[in-house]
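>>> Structure of the sequence below:
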Amino acid sequence: MITRYSKHFKSQLLHLLSWGLVLSLSSCFKGVSISSHIIPKDAFFASRANVLRATYQVPEWRDLLKDELQIEFARDSTSTPMGFLGSGKAYVFGDIFKKEKNYLAFCVAIRSQKNLERYLRNTTTTPLEIYKYNNYKYILRNRNILAWSKNTLLIINGRQVENDEKLKEQFFRLVNQKSNESLYTTNANFRQSLQNDQDFALWLNINGIKDIDLFKKYIKNLDLSQNYLHFLANFDEGKISVKTEYFTSPSFYKSYQNLLSGKVNKELLQNAPLRNPMVLSAVGINPVGLRQFLKDIEWTEKAENMVKSITLTFDDFVEMIRGDMLLMWKDLKNEPRILTASDSVPPPVKKRESDLVIGMGIKNPVIYDSLISVLHKTGILEDRKDHQFFFGEIYVLRRGNLVYFTKNAQVKDDFLKEVKLANPALVNPSENTWFILHATETASDQTIQGKGLVKQIARKILNQDKIRLESATIHLTNMKAQDQDKDKDIDGETIVLLKDKTANSLLAMLEVLKEVIYQTKLRIDPNYVEKE
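Residues are numbered from 1 along each chain as shown. Okay, here's the model as predicted:
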């Protein structure tokens, strides 16, 4: 995926991860294991790629050295890094939300410092100025540092640092760190993430999002210390499988265990009036915990004003709803008429009605019926033979304690004909989950408009060839209480299928990560500009 931003941003996440793949795939022995003790305990994220199991082609390593460090290689050079590497387990870590303090680093074990230096001398045509610091030698170019000791290769990218001196300070900080102060030795949760044997393990310190100015005012009252997220992924041809684990602190669990103890009701999905939705999202929360959460993010007044607009108090609203809700829609595009030579002006585009469906479960039908009666008396709700019409544009469809809302007449007719969701893979596991997200290949055929973060990311991803979506499904199970002396966690599983079954799913995911982080940084830091 090439965008007008790529030449700047490719130097960060994608190339550092690619470095890890290149170097690790070049190693085919297991005698030496990398030490992860160089990762600092204040890192926002840290990942390990166990890519000895992978069989994918990766970007040309000489091109990466040329782009990153402006090192030229002889054209006829066939030398490989195999002679100096010591492990296939590579680590990428750093910070991405601290502006000028942002950095990305890659490290891997080496078994021969001499072989590495011989390799650089014999294969490069660029004169190399090598510096020394303590037990390390290093090359400094293009706001990148390539450093090595007798047992470690380290690459640091610091494109947002003020100058090379600041980058060297970051380098000195990492290599001077005592092993008993590293992330590995001070954080048991990080060590736990490394016990899994997936192709890729990503660990995130959720408390790090408090460095984001955009979110500070909403999360300032949330205790996110000791909250961690694990992404554990396997990459196969045409398929990506991701296991998600969210670990909470005791205080966070105590505050919000009620909120996340809800579930998506199977009945709500079974009666949804779209047989084959393009996208479906469902969530099940416990309304009892909703009030505390809204209070903590200072949204209580907003929520009360919203329900007041439909003549309810917030207490009545919480008592009325069951806590499960779904959003779903299918592919329904505008179809403008093709212009002909006789058209003096373009014909108007006839827009079709949105086929979005919103569904929710009702816990207290007495309160719901009272609400409907009040809305009917005000004249904004009209009774029809077998449904109701709200604000002159929204169909209100009810079946028992289930209510669905849509603006689409065809969806309304389908509901009355008892058209229902026909995807057992979505319906059957729903009772054990609090969140479901599903998308089909139709989603990848959409023309996505707008400038929002999610829309920008989706457009960039779906407009390139490496990912042609067949389907993607995410399930997150309920928060579960483990033994009293252990963390509480939420488990989830994500399966992404690609249309091209021979596609390199690992490199496809690197493209996604690159775009997600770049677009996020643009919005979180409006002054973010990469330096050449």
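
>>> just checking, residue 119 is part of a strand?
No - membership of residue 119 in a strand is not supported by DSSP: H, G, I helix; E, B strand; the rest coil, which gives helix.

>>> Going forward, the N-terminal residue is numbered 276.
Will do, 276 is the new start, and the previous item becomes residue 394.

>>> That one and residue 387, how far apart?
The gap separating residue 394 from residue 387 is 9 Å, by Cβ to Cβ, to the nearest Å. For the C-beta atoms, the positions are set from N, CA and C on the backbone; glycine is no exception.

>>> Break the chain into its domains for me.
Domains of the chain are assigned by automatic domain parsing as 281-526+722-799, 533-608+627-712.

>>> ranking these by mean pLDDT, which is last?
The minimum mean pLDDT among the domains of the chain belongs to domain 281-526+722-799 (a mean of 72).

>>> quick revisit: can you list the domains of the chain in a markdown table and add mean neighbour count?
What follows is these, written out as a markdown table (neighbours: other Cβ atoms under 10 Å):
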| stretch | mean neighbour count |
| --- | --- |
| domain 281-526+722-799 | 17 |
| domain 533-608+627-712 | 17 |
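
>>> Which residue ranges of the stretch 626-775 of the chain form helices?
640-653, 684-691, 699-702, 716-719, 728-737 (DSSP state H, counting those that start in this stretch).

>>> Extract the C-alpha trace of stretch 467-475 and format it as PDB.
C-alpha atoms of stretch 467-475 as PDB (Å, rounded to 0.1, in the frame of the first residue of the first chain):
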ATOM      1  CA  GLN A 467       3.600 -14.100  30.700                       C
ATOM      2  CA  SER A 468       3.000 -12.800  27.100                       C
ATOM      3  CA  LEU A 469       6.200 -14.400  26.000                       C
ATOM      4  CA  GLN A 470       5.300 -17.800  27.200                       C
ATOM      5  CA  ASN A 471       2.900 -18.200  24.200                       C
ATOM      6  CA  ASP A 472       4.400 -19.800  21.100                       C
ATOM      7  CA  GLN A 473       2.500 -17.800  18.400                       C
ATOM      8  CA  ASP A 474       4.300 -16.400  15.400                       C
ATOM      9  CA  PHE A 475       3.900 -12.900  16.800                       C
END
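
>>> Run through who's touching it.
With contact meaning Cβ atoms under 8 Å, 6 or more residues apart in numbering, stretch 467-475 is reached by 311, 322-326, 328-329, 459, 476, 478, 503, 505-510, 518, 781.

>>> Stretch 701-717 too?
Residues contacting stretch 701-717 (Cβ under 8 Å, 6+ apart): 535-541, 544-545, 551-560, 605-606, 696, 698, 743-754, 765, 767, 774.

>>> let's go with 6 Å and repeat that
535, 537-539, 541, 544-545, 553-559, 606, 744-753 (Cβ atoms under 6 Å, 6 or more residues apart in numbering).

>>> same question, stretch 458-466
311, 312, 314, 316, 318, 478, 503, 522.

>>> one more time with 7 Å, if that's ok
311, 312, 314, 315, 316, 318, 321, 454, 478, 503, 522 (Cβ atoms under 7 Å, 6 or more residues apart in numbering).

>>> so can I have CSV of these showing secondary structure and distance to residue 716?
CSV is the format used below for those (DSSP: H, G, I helix; E, B strand; the rest coil; distance: Cβ to Cβ, whole Å):
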residue, secondary structure, distance to residue 716
311, coil, 39
312, coil, 45
314, coil, 39
315, strand, 42
316, coil, 43
318, coil, 37
321, strand, 34
454, helix, 49
478, strand, 32
503, strand, 34
522, strand, 34
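
>>> Throw these into TSV and include distance to residue 631, thanks.
Shown next, in TSV, are the contacts of stretch 458-466 (distance: Cβ to Cβ, whole Å):
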residue	distance to residue 631
311	46
312	51
314	44
315	46
316	46
318	41
321	39
454	54
478	36
503	35
522	35
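
>>> which two in those residues are spaced the farthest apart?
454 and 522 (24.1 Å; Cβ to Cβ).

>>> Wait, residue 373 touches residue 484, no?
No - when contacts are counted by Cβ atoms under 7 Å, residue 373 is not listed as touching residue 484 (11.6 Å).
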